[in-house]
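[1] what's the 3D shape of this:
(4 chains)
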Protein chains: 2
Amino acid sequence: MTGEARARFERIYTLLRERICLLDYPPGMRLREEDLAEEFDTSRTPIRRVLARLEDEGYLRSVHGVGTMVTDIDIASLEQVYRLRVELSELIGKLSPVPPDEDAKRAFATMKSRCEELVGTPSQRAFAQLNMDFFHLLMTLTENEPLQEFSERLYYQTTRIWLKRAAGEDGTEETLASEIGFFLREVSDIAAAVACGALESVGQIRRAHVAMSFARLKKRAGEEVEAASF
Amino acid sequence: MTGEARARFERIYTLLRERICLLDYPPGMRLREEDLAEEFDTSRTPIRRVLARLEDEGYLRSVHGVGTMVTDIDIASLEQVYRLRVELSELIGKLSPVPPDEDAKRAFATMKSRCEELVGTPSQRAFAQLNMDFFHLLMTLTENEPLQEFSERLYYQTTRIWLKRAAGEDGTEETLASEIGFFLREVSDIAAAVACGALESVGQIRRAHVAMSFARLKKRAGEEVEAASF
DNA sequence: GCCAACGATGTTGTGTACAAATCAGCACCA
DNA sequence: TGGTGCTGATTTGTACACAACATCGTTGGC
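    Next comes the predicted model:
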């Protein structure tokens, strides 16, 4: 695949993955190849190429004669993914780190501002978008492409589930506000580390926050189970 | 995709990947969809599904109107992949390690025997196969599926290039014998660590050997350049 | 009333014809 | 002689028709 075909493929792939991650396509939702083909003004063939990749990467599951559904993940599998994500997070500062220039530093400062705004006007959607933008900004700090690719996979796989449970339908407004608060701290800490060029610290801070984020998620899941049993 | 279709897909995918890794399909070789379709007694459609995945994972590159070629990798990209692989190697002993039972210990002992045999009758092909079998045996020591998946990707991506340069056409018989010697030491050390259940040590030993393996590769590459400039 | 068999409907998987693109060879001309 | 454009062959990308399969409602028997 090359040229125009490749470009279209990437466009559709990225868009669908984003819809899945932002819960526009929530876990369990059924997609129809023909609908997508119509939306992107093409036939089923190129669409199936995209869906195949999304299935290989674990976002979708196609069943012959039924449909293709957005996957959900049980807490046990999610823990495995998170454990690996924690380890990879730290590598940002270790594998081919890119010393941030002034533009990069400004970008992190801007993130912090956007985050502070969000504290005043909490919104699940805006939070999800900001979280994603921040992740991609972080990825610019390393030049190690395999690390970027794997981190992206782990991020999208975990974040959509985390978002669903922590700040989606399942979560209260309190938890949303609380999570935004934690996120503001993370962004502040990392922005500070970036400002003085301490990329190894960036990795360590990120690692700590990813780990804590999952710990909170597990704690809430445990409480739900407890509450349900009464 | 499900049921029989899935099984066939996995079968063809695994087989083609193995052919690529064992250099039956060396870098630069051109594959034809129709030939493969005929070999596996099907149409181009399911074959294209497999090739698409192999392309997404970086083993192949399809170009409209030309063909699909097995990729090669420059030493710079390879270094990035190796750096990450070194880090992930150690995680085998840290993320959901599985205490080896007697069968597992025996399997490692068998590996050591096979390796000792190989020292007497060196063969590039047998070495490649043994190396691959050993990798898969190592992977049974962790239950972390994402770690398994990523390790596999990095292994296949690096090993085929390493094999080509270290023990393939580019390498002398001396380097092959030398590499087999190093490999025997690695297998011995790891088998010993497994025998006493020290999985954390397994990870550290593996990490060290992966790193040294790449160091040797780079050294040889440097010497070649030097030799060529005279 | 209940259950089983069956058919209608909808969806993904496969086969195939055709479109689009690249490349090698060759004729042709400056 | 060198370059330039054309044509045919080859190969991947796309569209579409059909096969395989699952689901659900219906209908008939008991």
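[2] quick check: angle from the helix or strand hosting A:Ile161 to helix B:145-167?
    For A:Ile161, the enclosing helix or strand under DSSP states H and E is helix A:145-167. With axes from the mean of the first three to the mean of the last three Cα atoms, to 10 degrees as the basis, helix A:145-167 and helix B:145-167 are set at 180 degrees to each other.
[3] do helix A:145-167 and chain B meet at all?
    Yes - for helix A:145-167, a contact with chain B is found by Cβ under 8 Å from any Cβ of the partner chain, at A:Glu145, A:Pro146, A:Leu147, A:Phe150, A:Leu154. C-beta here means a position set from N, CA and C on the backbone, and glycine is covered the same way.
[4] what's A:Leu176 in contact with, if anything?
    Counting by Cβ atoms under 8 Å, 6 or more residues apart in numbering or on different chains, A:Leu176 touches A:Pro122, A:Gln124, A:Phe127, A:Ala166, A:Ala167.
[5] out of these, who has the most neighbours?
    Within the contacts of A:Leu176, A:Ala167 tops the neighbour count with 25 neighbours, counted by other Cβ atoms under 10 Å in any protein chain shown.
[6] starting at the chain centroid, how far to the helix or strand harbouring A:Ile180?
    Per DSSP H and E: A:Ile180 is located in helix A:173-195. For helix A:173-195, the separation from the chain centroid amounts to 15 Å (computed by Cα atoms, centre = their mean, to the nearest Å).
[7] whatever helix or strand comes next after it to helix A:173-195, inter-axis angle?
    For helix A:173-195, the following helix or strand on the C-terminal side (DSSP H and E) is helix A:199-228. Between helix A:199-228 and helix A:173-195, the angle comes out at 170 degrees (the same axes, to 10 degrees).
[8] helix A:199-228 near chain B anywhere?
    No - Helix A:199-228 does not reach chain B (Cβ under 8 Å from any Cβ); its nearest approach is 11.6 Å.
[9] what does stretch A:42-50 give?
    Yes - using Cβ under 8 Å from any Cβ, a contact is recorded between stretch A:42-50 and chain B, made by A:Arg49.
[10] how about that stretch: buried residues?
    Under the neighbour-count criterion of 16 or more other Cβ atoms under 10 Å in any protein chain shown, stretch A:42-50 has A:Pro46, A:Ile47, A:Arg48, A:Arg49, A:Val50 buried.
[11] out of those, which are inside helices?
    Of the buried residues of stretch A:42-50, the ones assigned to helices by DSSP state H are A:Pro46, A:Ile47, A:Arg48, A:Arg49, A:Val50.
[12] name the nearest of those relative to B:Ala5.
    Distance to B:Ala5, by Cβ to Cβ, is smallest for A:Arg48 among those, at 12.7 Å.
[13] any idea how far that closest one is from B:Asp133?
    35 Å (Cβ to Cβ, to the nearest Å).
[14] so who does the residue of chain A found nearest DNA strand D touch?
    Nearest to DNA strand D, among the residues of chain A, is A:Gly65, at 2.5 Å (Cβ to the nearest atom of the strand). Under the criterion of Cβ under 8 Å, 6+ apart, A:Gly65 has no neighbours.
[15] surely A:Ser62 meets A:Asp56?
    No - contact criterion Cβ atoms under 8 Å: A:Ser62 and A:Asp56 do not qualify, at 10.7 Å.
[16] re the thing from before, so which of the buried residues of stretch A:42-50 is the closest to B:Pro26?
    The nearest one, if we look at the buried residues of stretch A:42-50 relative to B:Pro26 and count by Cβ to Cβ, is A:Arg49, at 26.8 Å.
[17] count the residues that sit near the residue lying closest to A:Arg185 once chain neighbours are set aside.
    Leaving aside its chain neighbours, A:Arg185 sits nearest to A:His209 (8.0 Å; criterion: Cβ to Cβ, 6 or more residues apart in numbering or on different chains). By other Cβ under 10 Å, the residues close to A:His209 number 19.
[18] so what pLDDT did A:His209 get?
    pLDDT, A:His209: 98.
[19] what's the answer for the one 10 residues further on, then?
    A:Lys219 carries a pLDDT score of 89 in this model.
[20] what's around it, how many residues?
    Residues near A:Lys219, counting by other Cβ under 10 Å: 10.
[21] what does the one 5 residues further on give?
    Using other Cβ under 10 Å, the number of residues around A:Glu224 comes to 12.
[22] so A:Tyr156 makes contact with A:Cys21?
    Yes - A:Tyr156 lies in contact with A:Cys21 (Cβ under 8 Å); the separation is 5.1 Å.
[23] perfect, that will be all.
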